[in-house]
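Q: Fold the following and give me the result.
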Amino acid sequence: MISIIYFILATAMFFLQDTYFKVGGVDFSLKNPCAFAILFLALLNFTATVRLNRVVLLARHTAVQVLPYLIPFLFSSVIWVASGADAVTIANGIGMIIPQLLSVCVAVATLYLFGEKGIWYCLGSMCAANFLLVLVVIAEGGLGPFLMEFRTLLLSFAVESGPLMTKLEINDLTFAFGPFILYLLLNRKEVSHSFLWMLVVALLFVLGLKRIAIPAILLGFLVAFILRLLPEKASRQTALCLAVGMMLVSFLYIAGIRLGLFEYLETALQIDTKGRLGMFTNLEPYYDINFTFMGRGIGFERYVDWQTGAVFQTPQRTIMQIHNDFLRMYLNMGFVGYWIWLWCFLIVRLRYWFRQGGKNAGCLFLSICIYCFVLYATDNTIYYPYTMIACALVPMSYHMDSLADKALEQHCAQWEDAS
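A: Purely as a prediction, here's the structure:
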């Protein structure tokens, strides 16, 4: 019964991404009540079962996974106090952090309910929701036009897309399949019916094809595959060195944008940057590459339409976002905050997964980080709730049942020694 209730709630949560209702003039997504219902379901199950082994392990996992979301809140709080920010600004910033925390909690609730099998319940719900979206689109436009547009999408590698395919280009759901694809590729020998899962997920991934996600998956898989061939210590040390390199590259990318990288791409190399040059030009008055740059606080990007440069007195949800999450985080947290956020996002969590789950778990997590970093460079995915659920759930599910039993045994031994 619990699995059926979860499947219905999770499918509804993934299906209702763009469905909103108003309360006091403020838009709220219908997916959030479904997410809270999943948390409530897990809470009820906890009161009836009290699986201490899962509680002990998931408490550790949760603390590590939410760290990159709490760091921005900490730095933003300092910025808000120092700048004398009003209640609307603070509420707007907190309103961007809460969905991140909610996404991690949904992943944790799923794993408490089903253990390491929770990854398949979640993925199955995502697939079901995506199939429902496909059926809705086919019902609206017809099967023939749908197949013709799908053919055009594949042949043009998403350069050309018709109105029906555009409706399926739901970025968050498409990007959220990425961590699951990496899990299936890296652990295909351990997964039952891995070929069937990969076939279904790949089809749905292609239906909402985002070109940047293809190299992101390939790079993440390639690096993790190579590192898994190394001995444990060498794999861990190489992964940490790569993580430091990723940090440096992300900052140099921000500095390059400030120094005219995209202007060079458009004028000298004649590369169409899809409006990013104008967007980055409109960003220039609001940040600087300087140790003393303090940041603007989480949620500041909602006060400016980065396509036109128009400034608003109240935060706007529907304006053009910054299509570069590295620059977004630097703008929000400043120089020092950005580096601390990167350190927690990569180094702290990567060391945790290598120590907690071993070489394979650490390499899996690194592959997901690489996937995210490629997306962050050209898109605005860092606040996508479904992608955040996937990025939290996939590494936490890896060999969770055996790790949970081991964690409880360690705690019981510590309690016995203390007594």
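
Q: can you give me the strands for the stretch 201-350 of the chain?
A: For the stretch 201-350 of the chain, the strands defined by DSSP state E, counting those that start in this stretch cover 304-305, 310-311.

Q: Out of those strands, which is the most enclosed?
A: Mean neighbour count (mean count of other C-beta atoms under 10 Å) peaks for strand 304-305 among the strands of the stretch 201-350 of the chain, with a mean of 20. Just so you know, the C-beta spots here come from the backbone N, C-alpha and C atoms, and that holds for glycine as well.

Q: which residues are contacting it?
A: Counting by C-beta atoms under 8 Å, 6 or more residues apart in numbering, strand 304-305 makes contact with 282, 286, 310-312, 316, 319-320, all of which sit outside it.

Q: show me what contacts the closest residue to D288 other than its chain neighbours?
A: Leaving aside its chain neighbours, D288 sits nearest to R258 (7.7 Å; criterion: C-beta to C-beta, 6 or more residues apart in numbering). Residues near R258 by C-beta under 8 Å, 6+ apart: 284, 287-289.

Q: same deal with Y398?
A: 116, 183, 187, 357, 360-361, 364.

Q: I'd like those written out as a markdown table, with distance to R54, neighbour count and pLDDT added.
A: A markdown table is the format used below for the contacts of Y398 (distance: C-beta to C-beta, whole Å; neighbours: other C-beta atoms under 10 Å; pLDDT from 0 to 100):
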| residue | distance to R54 | neighbour count | pLDDT |
| --- | --- | --- | --- |
| E116 | 10 | 17 | 92 |
| Y183 | 19 | 26 | 96 |
| N187 | 21 | 14 | 92 |
| G357 | 15 | 21 | 86 |
| N360 | 20 | 20 | 93 |
| A361 | 17 | 19 | 93 |
| L364 | 20 | 24 | 96 |
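
Q: G299: which of the contacts of strand 304-305 is nearest?
A: Nearest to G299 out of these is Q316 (C-beta to C-beta; 10.9 Å).

Q: was I right about R328 contacting I382?
A: Yes - R328 lies in contact with I382 (C-beta atoms under 8 Å); the separation is 6.9 Å.

Q: that older thread, now render the contacts of Y398 as JSON lines, adding secondary structure and distance to F175.
A: As requested, the contacts of Y398 are exported to JSON lines (DSSP: H, G, I helix; E, B strand; the rest coil; distance: C-beta to C-beta, whole Å):
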{"residue": "E116", "secondary structure": "helix", "distance to F175": "23"}
{"residue": "Y183", "secondary structure": "helix", "distance to F175": "15"}
{"residue": "N187", "secondary structure": "coil", "distance to F175": "20"}
{"residue": "G357", "secondary structure": "helix", "distance to F175": "24"}
{"residue": "N360", "secondary structure": "helix", "distance to F175": "24"}
{"residue": "A361", "secondary structure": "helix", "distance to F175": "22"}
{"residue": "L364", "secondary structure": "helix", "distance to F175": "17"}
